[in-house]
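Asks: sequence and predicted structure are below.
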Amino acid sequence: MTFASSKLSQKFAKPLTIGNVILKSRVLQSPLSGVTDLVFRRLVRRYAPDSMLYTEMISATDLHHMKALPKLMEIDRHETPISIQLFDCRPDFLAEAAQKAAAEGADTVDINMGCPVNKITKKGGGSSLLRQPELAAQIVRSVVAAVDIPVTVKTRIGWDDTEITILDFAKRMEDAGAKMITVHARTRSQGYTGTAKWEWIRQVKEVLTIPVIANGDIFSVDAAIACLEQTGADGVMCSRGTLGYPFLVGEVDHFIKTGEYLPKPTAIECLQVAKEHLQGLWEYKGMRGIRQSRKHMAWYAKGFVGAAALRDRLFRVESVQDGIDCLDQEIAQLADYQANHQGVNYQGTFGAIAPEDMAEMIAMQ
């Protein structure tokens, strides 16, 4: 069981200020490409009403050439606080895109300077900007001059272990006008492997005056508290821990505010949310939503008896009804199983779980 220190509790009892934006929560939902669309954000918002949420990453170059705004930029006027994340290497294109984001109702504009994916870095965006700090600073200055809402940056600690440049880079971003920086404590070369180096976030916090948000390996309430205690960060951002688990941001926020753990959702409750997610993607995106839903449904189907077989079926769904039928059948089987095996929930009872699901559960810890 984790306990937040009195110092941390006192700090997190106060709002988080990002320029002229004041947040009631210091727990944020990370932008995730192919994940944090309007449908997913609505689920996260249900459990974390005060948290800042982010759109998927949007290309400023693509936006410049489009005649109509893409769905990626679509936000619900009632889902505030919300940030639109942009990426590119052209200051003028990013400034133009930021103006469109502000017009759409974004509370802040976030510039992605941390994405490690080759197709992004080869075009000069994402974490490639860590190697071009002067250009990165120029980008921030251009965007800050173009909009009246706060501009923030999300980045990594460096290119690789021989190029950890985050301290100088972060200071440049602050000097250029960024009102907050989120640091994913991995290098670009790590991708999403290995362990996040939280100690670098503490060092960033020591050299900046703007808020510093910690990111990387936040898969549970306990991990979030440990990270905040170790880094002294002003807030924490949940990323992959929310895949198939839109409850995490709210769980961390609740614990920080009350010192109490929320009850874990049962397997049945998780699959009911999966159904809602599936239905929402179908209504919002049609068949494209069904194709996208396959990975989401697989993420929900973890840690309980029969999860592996369910994932296999969900990967092949061809319609919203196929998916709902699969989930309903599993929910009925779980209800019957739980009636005869007390204590089985989303985390499961290890002795009753298939070996393949056991391995996944251990990997999720």
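Replies: Arrived safely, thanks for sending. It should be emphasised that the depicted structure is a prediction, and the values quoted were computed from it without experimental measurement.

Asks: which segments of the protein make up each domain?
Replies: Under the assignment automatic domain parsing, the domains of the chain span 6-258, 267-364.

Asks: let's have these in CSV, adding mean neighbour count.
Replies: All C-beta spots, glycine's among them, are computed from the backbone N, C-alpha and C. Shown next, in CSV, are the domains of the chain (neighbours: other CB atoms under 10 Å):
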stretch, mean neighbour count
domain 6-258, 20
domain 267-364, 17
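
Asks: worst average pLDDT in those domains?
Replies: The weakest mean pLDDT among these belongs to domain 267-364, with a mean of 81.

Asks: now do the strands in the stretch 51-200 of the chain.
Replies: Counting by DSSP state E, counting those that start in this stretch, the stretch 51-200 of the chain has strands at residues 53-54, 58-59, 82-87, 108-113, 151-158, 180-187.

Asks: for residue 5, which of those is the nearest?
Replies: strand 180-187 (20.4 Å; CB to CB).

Asks: let me know the secondary structure of residue 305.
Replies: Three-state assignment for residue 305 (DSSP: H, G, I helix; E, B strand; the rest coil): coil.

Asks: surely it is in contact with residue 337?
Replies: Yes: under the contact definition of CB atoms under 8 Å, residue 305 touches residue 337, with a separation of 6.1 Å.

Asks: sorry, back to before: which one of the strands of the stretch 51-200 of the chain lies closest to residue 244?
Replies: strand 53-54 (17.0 Å).

Asks: show me what the closest one is packed up against.
Replies: strand 27-29, helix 38-47, strand 82-87 (3 or more CB pairs under 8 Å, 6 or more residues apart in numbering; DSSP states H and E).

Asks: among these, which is nearest residue 58?
Replies: Ranking the helices and strands packed on strand 53-54 by proximity to residue 58 (CB to CB) places strand 82-87 first, at 5.4 Å.

Asks: how far off centre is that closest one?
Replies: Distance, stretch centre to chain centre, for strand 82-87: 12 Å (CA atoms, centre = their mean, to the nearest Å).

Asks: packing partners of that strand?
Replies: Counting by 3+ CB pairs under 8 Å, 6+ apart, the packing neighbours recorded for strand 82-87 are strand 53-54, strand 58-59, helix 60-65, helix 91-104, strand 108-113.

Asks: for the nearest residue to residue 304 once chain neighbours are set aside, what are phi and psi?
Replies: Spatial nearest neighbour of residue 304, chain neighbours left out: residue 267 (4.1 Å); criterion: CB to CB, 6 or more residues apart in numbering. Taking degrees, to the nearest 10, you get phi -60, psi -40 for the backbone angles of residue 267.

Asks: thought residue 267 was touching residue 306?
Replies: No: using CB under 8 Å as the test, residue 267 is too far from residue 306 to be in contact (9.3 Å).

Asks: which residues do the two both contact?
Replies: Here residue 267 and residue 306 share the contacting residues residue 334, scored by CB atoms under 8 Å, 6 or more residues apart in numbering.

Asks: name the helices or strands packed onto the longest helix along the chain?
Replies: Assignment by DSSP state H gives helix 320-340 as the longest helix of the chain. For helix 320-340, the elements it packs on are helix 267-285, helix 287-300, helix 307-314, judged by 3+ CB pairs under 8 Å, 6+ apart.

Asks: can you list contacts of the first one?
Replies: Contact with helix 267-285 is made by 37-40, 42-43, 71, 244-246, 265, 289-290, 292-293, 296-297, 300-301, 303-304, 320, 323-324, 327-328, 330-331, 334-335, 338, 344-346, 348, as judged by CB under 8 Å, 6+ apart.

Asks: just the CA trace of that helix, in PDB.
Replies: Extracted in PDB, the C-alpha atoms of helix 267-285 (Å, rounded to 0.1, in the frame of the first residue of the first chain):
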ATOM      1  CA  ALA A 267     -13.600  -7.900 -15.500                       C
ATOM      2  CA  ILE A 268     -17.300  -7.600 -16.300                       C
ATOM      3  CA  GLU A 269     -17.200  -3.800 -15.700                       C
ATOM      4  CA  CYS A 270     -14.200  -3.500 -18.000                       C
ATOM      5  CA  LEU A 271     -15.900  -5.400 -20.700                       C
ATOM      6  CA  GLN A 272     -19.000  -3.300 -20.400                       C
ATOM      7  CA  VAL A 273     -16.800  -0.300 -21.000                       C
ATOM      8  CA  ALA A 274     -15.200  -2.100 -23.900                       C
ATOM      9  CA  LYS A 275     -18.700  -2.500 -25.400                       C
ATOM     10  CA  GLU A 276     -19.400   1.200 -25.000                       C
ATOM     11  CA  HIS A 277     -16.000   2.000 -26.600                       C
ATOM     12  CA  LEU A 278     -16.800  -0.200 -29.500                       C
ATOM     13  CA  GLN A 279     -20.200   1.300 -30.000                       C
ATOM     14  CA  GLY A 280     -18.800   4.800 -29.800                       C
ATOM     15  CA  LEU A 281     -16.100   4.100 -32.400                       C
ATOM     16  CA  TRP A 282     -18.700   2.600 -34.800                       C
ATOM     17  CA  GLU A 283     -21.000   5.600 -34.400                       C
ATOM     18  CA  TYR A 284     -18.100   8.100 -34.800                       C
ATOM     19  CA  LYS A 285     -16.000   6.400 -37.600                       C
END
